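Colleague: any chance you can model this:
(2 chains)
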Amino acid sequence: MADVAPVLTIEASHKSRGAAYYAWHRFLANKGAVFAGVLLLLILLVAVFAPFLTGVGPNEQKYLTSALAFPSAEHWFGIDDLGRDYFTRIIHGARVSISIGLAAASFSVLIGLPLGAIAGYFGGTIDWFIMRIIEIFSVVPPLLAALLLAALTKGGYFNIVLIAALFGWVQVCLMVRAQVMAFRNKEFIRAAQALGGSTWYIILRHIIPNSISPIIVGFVLAIPLAMMLEAGLSFLGVGIPPPTPSWGQMINLGINFMFFYWHLALFPTLALAITVLVVTMFGDGLRDALDPTLKGR
Amino acid sequence: MIGYVVRRLLSISVTFIVVSILVFIMMHAIPGGPFDATEMPVSEAVRAKIMAQYGLDQPLYVQYLKYMWGVLHFDFGVPFQSPGETVIELLSRAWVPSLVLGGAGVLIGAPLGIALGLYAALNRNSWIDYLASAVATLGLTVPVFVTSMLLILVFAVWLGWLPASGWGSPRNWILPIVAYAAIPLATYARYTRSAMLDTLNKPFVTVLRAKGLSERDVIFKHVLRNSAIPMVTVFLPMFIGTATGSIFVEAMFRVPGLGAYFVSSIESRDYPLEMALVFIITLMFCIAYFLADIAYAMLNPRIRLGGR
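Modeller: You can find the predicted model right below:
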C-alpha cells in the first residue's frame, strides 16, 4: 500500500497539458490583454445588469425640468436635451453596441466558416469562385457599401446586424480557408480518406475541430468591426433609430450641443472609444495566445 | 510581367463591372424613390412625365446600358438635388476639399508613421516603441469620428485655439488634417515596425553585421529595402481607410467635400449623384488595388512568376 502513493504523485506531476492550458498561460503572460479582458468583463457586467443599476429607464423623460444639466453626484453623466439620465442611456447603449457586435460576429462565422472550409478543402473551381466573391468584397469599401445598404433598408437593429455580417464574414472565411488548406494534406486526413470517411464526415469531424483557433479569433475580431460599423451608421443617422440609445447616435446629437453642453458629446465618445479598444486588445491577445502563427496575418 | 499585368487588369475589370451591376440593381430594387407620392404629391400623369424625363420608366437593363454608355462619355446625368448643373460639375467642385485635406493627411501621416515605426523597431522596448504601439492601436481601432470629436472638444471647445468646423481659411483645415493623418500614421507605424522586426531577425542581417558593415548601411541599404513589400501591401487598406474616413471627417467638420455629398445623396435618394460617387470611388479602389498588385509583383518576383 505504502509504495503505491509515490507512483501516483509522479504520474500526476507529469500529466500532459492540453492546448487550452498553454493558450491560457500565453494569454496570462500578455498584461495588456489581461487588463483589457478585465475591463471588458466589467463593461459586459454593466451592460447585462444595466436595468438594475439606475432607477430610471433609458427613454424615461423624468428630468425634463433640469434638461441639459451638467454631470453631478446624482446624475453622473448629466441629463440630455430631452430630460433623460445620460448615464442610464450610455450603459443601455453598451447593450445595443455589444449585442450587435456579438450577433454580427456570430452571423459572420456562420457564413465564413462553411465557405472557408469548402474553399480550402476542395480547392479548384469552388475555391476560385469563392475567392472571386471575396475579391469583389475587397474592392468595395465596407463602410461605403454598408452606408448605402443601411440607407436603402432604412437601418434598424436587425438590418445593421445583417449588414455587418455581410462585410464581416470575409476575414473569417480567409482565416478558415488558410487553416484548412494547411491541414488538407496532413497524414490524419489522408488516413481518414483511405479508411473510407465521407467528405462531410472528414470536414465535420477532422477539418472543423482543427480550425477552432481561427474560428474563435475570427469571431472575436469581427466584434469590434461590427460595433464600429453600427456606431458609424448610427452617427450618420442610418443605423439604430431613436429613441433606442446608441453611442453613434448620441455622438451625433452631442455635436449640436458641444460648445455649451460638452458632456453630451464627451461621454458617448469615450464609451465607444474605450469599448472598441478593449475588445480589440482582448481579441489580439486571444489570437496571439491561441495560435502564435496567426500573428500579424 | 506583361502577362501578369494583363491578367490582373482583366480580373479587376470583371470585378468592376460586376460591382457596377450589383450597385445598379441594389439601388433600383429597393422600394421608394425621389418621386414617390410621399416625397412629391403630384398627379399620376405628371409623375409619369417626370419618370419618363429621367428615363426611370424603362426596363432595368436598358437603364443600366444607357447609364454605362453615358459613363463612358463622362456623362453621369443631372443631380436631383441641384438640377442647375451636371453631376460632373458638382463633383469637380466637391473633390477639392477632400483631396486637399485627405492628401495633406496622408502626406503628413504616412512619413511620420514610417519614421515612428522605424525608430520603434530599432529601439525595441524603449518608451518610443510603446508610444508607437499605443498610437498604432488607438489609430487603427478608434473610429475616425471619435478621434475627430475628441480633437474638436479639446482644441476647439475647451482650449478655443482652432475653429471646430467650416472650410473658409487654412485655420479650418488644421483639425481635419490631423484627424485624417491619424489613419496613415497608425497604419504605417504598425506595419513598418513589424516588417522591420521581421527583417532584422533574418540570418542575412547577421551575416551583414558579421561582415563588418556599418549599422547605418545595414539598416538603410538592406533592411529597409527588404521591408518595403509589406509597406506597399498596406497602402491599399490605408487608402481605403482614408477615403472612407472622409465621410466621417467631413460630416464632423462640416466640410463640403465628396464624403459630405455622398451622405446627402443617400439621404435624398439622389440616384445620379449616388451612382456617380459609388462608381468613382469603386473605380478609384480598383485602380489602387491594381497598382498595389503591380508594385507587389515588381518587388517580389515569386508573385508574378508563380502565376496566380
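Colleague: which SSE is the nearest residue to A:G32 once chain neighbours are set aside in?
Modeller: In this structure, A:G32 finds its nearest non-sequential neighbour in A:M281, 5.8 Å apart by Cβ to Cβ, 6 or more residues apart in numbering or on different chains. To be clear about C-beta, it is placed using only N, CA and C from the backbone, and glycine gets the same treatment. Per DSSP states H and E: A:M281 is located in helix A:263-290.
Colleague: packing partners for that helix?
Modeller: Helices and strands touching helix A:263-290, by 3 or more Cβ pairs under 8 Å, 6 or more residues apart in numbering or on different chains; DSSP states H and E, are helix A:19-29, helix A:31-48, helix A:86-122, helix A:212-235, helix A:247-257, helix B:127-141, helix B:144-151.
Colleague: nearest to A:L195, of the ones you listed?
Modeller: helix A:86-122 (17.1 Å; Cβ to Cβ).
Colleague: longest helix of chain B, counting residues only.
Modeller: helix B:87-122 (DSSP state H).
Colleague: quick one: it to chain centroid distance?
Modeller: 10 Å (Cα atoms, centre = their mean, to the nearest Å).
Colleague: hang on, the earlier thing: give me the angle between the helix holding A:M281 and helix B:144-151.
Modeller: 130 degrees (axes from the mean of the first three to the mean of the last three Cα atoms, to 10 degrees).
Colleague: pLDDT on helix A:263-290, on average?
Modeller: For helix A:263-290, mean pLDDT is 86.
Colleague: in it, what's buried?
Modeller: Within helix A:263-290, the residues that qualify as buried are A:263-273, A:275-290, counting by 16 or more other Cβ atoms under 10 Å in any protein chain shown.
Colleague: now swap in stretch A:143-160 and tell me
Modeller: Across stretch A:143-160, burial judged by 16+ other Cβ under 10 Å covers A:143-152, A:155, A:157, A:159-160.
Colleague: what does it contact?
Modeller: A:96, A:100, A:104, A:163-164, A:166-167, A:229-230, A:232-234, A:236, A:238-241, A:244, B:23, B:26-27, B:30, B:244, B:247, B:262-263, B:266-267, B:274, B:278, B:281 (Cβ atoms under 8 Å, 6 or more residues apart in numbering or on different chains).
Colleague: low-confidence ranges in the stretch 101-250 of chain B?
Modeller: B:166 (pLDDT under 70).
Colleague: how about a cut-off of 90?
Modeller: B:101-111, B:113-250 (pLDDT under 90).
Colleague: how about the residues of it by chain A?
Modeller: B:137-138, B:140-143, B:145-146, B:149-150, B:152-153, B:157-158, B:164, B:194, B:240, B:243-244, B:247-248 (Cβ under 8 Å from any Cβ of the partner chain).
Colleague: to A:H75, which of the helices and strands packed on helix A:263-290 lies closest?
Modeller: helix A:86-122 (6.4 Å).
Colleague: now do the closest one: distance to the chain's middle.
Modeller: 5 Å.
Colleague: is that helix up against chain B anywhere?
Modeller: No: counting by Cβ under 8 Å from any Cβ, no contacts exist between helix A:86-122 and chain B, the nearest distance being 11.9 Å.
Colleague: next structured bit after that helix?
Modeller: Per DSSP H and E, the helix or strand that comes after helix A:86-122 is helix A:124-139.
Colleague: and the helix or strand just after that following helix with helix A:212-235, angle?
Modeller: Using DSSP H and E, the helix or strand that follows helix A:124-139 in sequence is helix A:142-153. Helix A:142-153 runs at 60 degrees relative to helix A:212-235, counting by the same axes, to 10 degrees.
Colleague: who touches residue 140 in this structure?
Modeller: Defaulting to chain A. B:V19, B:T282, B:F285.
Colleague: sorry, I should have been clearer: chain B.
Modeller: A:T280, B:A186, B:T187, B:R190.
Colleague: possible to save the residues you listed as CSV with secondary structure?
Modeller: Shown next, in CSV, are those (DSSP: H, G, I helix; E, B strand; the rest coil):
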residue, secondary structure
A:T280, helix
B:A186, helix
B:T187, helix
B:R190, helix
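Colleague: centre-most residue in the chain?
Modeller: Answering for chain A, as no chain was given. A:I223 (1.6 Å; Cα atoms, centre = their mean).
Colleague: chain B, not that one
Modeller: B:A243 (2.5 Å).
Colleague: helices or strands up against the one helix or strand that residue maps to?
Modeller: Taking DSSP H and E as the definition, one finds B:A243 inside helix B:235-253. For helix B:235-253, the elements it packs on are helix A:142-153, helix A:212-235, helix B:87-122, helix B:144-151, helix B:170-200, helix B:258-267, helix B:271-299, judged by 3+ Cβ pairs under 8 Å, 6+ apart.
Colleague: go again using 7 Å as the cut-off
Modeller: helix B:87-122, helix B:144-151, helix B:170-200, helix B:258-267, helix B:271-299 (3 or more Cβ pairs under 7 Å, 6 or more residues apart in numbering or on different chains; DSSP states H and E).
Colleague: can you redo the ones you listed as JSON lines with mean neighbour count?
Modeller: Shown next, in JSON lines, are those (neighbours: other Cβ atoms under 10 Å in any protein chain shown):
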{"stretch": "helix B:87-122", "mean neighbour count": "20"}
{"stretch": "helix B:144-151", "mean neighbour count": "24"}
{"stretch": "helix B:170-200", "mean neighbour count": "23"}
{"stretch": "helix B:258-267", "mean neighbour count": "22"}
{"stretch": "helix B:271-299", "mean neighbour count": "19"}
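Colleague: what's the local residue count around B:G3?
Modeller: 9 (other Cβ atoms under 10 Å in any protein chain shown).
Colleague: can you pull the contacts of it?
Modeller: By Cβ atoms under 7 Å, 6 or more residues apart in numbering or on different chains, no residues touch B:G3.
Colleague: next secondary structure after the helix or strand hosting it?
Modeller: Using DSSP H and E, B:G3 sits in helix B:2-29. Next helix or strand after helix B:2-29 toward the C-terminus (DSSP H and E): helix B:44-53.
Colleague: for the record, mean pLDDT for that next one?
Modeller: Mean predicted lDDT for helix B:44-53 stands at 76.
Colleague: what of stretch A:170-177?
Modeller: Mean predicted lDDT for stretch A:170-177 stands at 88.
Colleague: any idea how far A:L204 is from A:D85?
Modeller: 50 Å (Cβ to Cβ, to the nearest Å).
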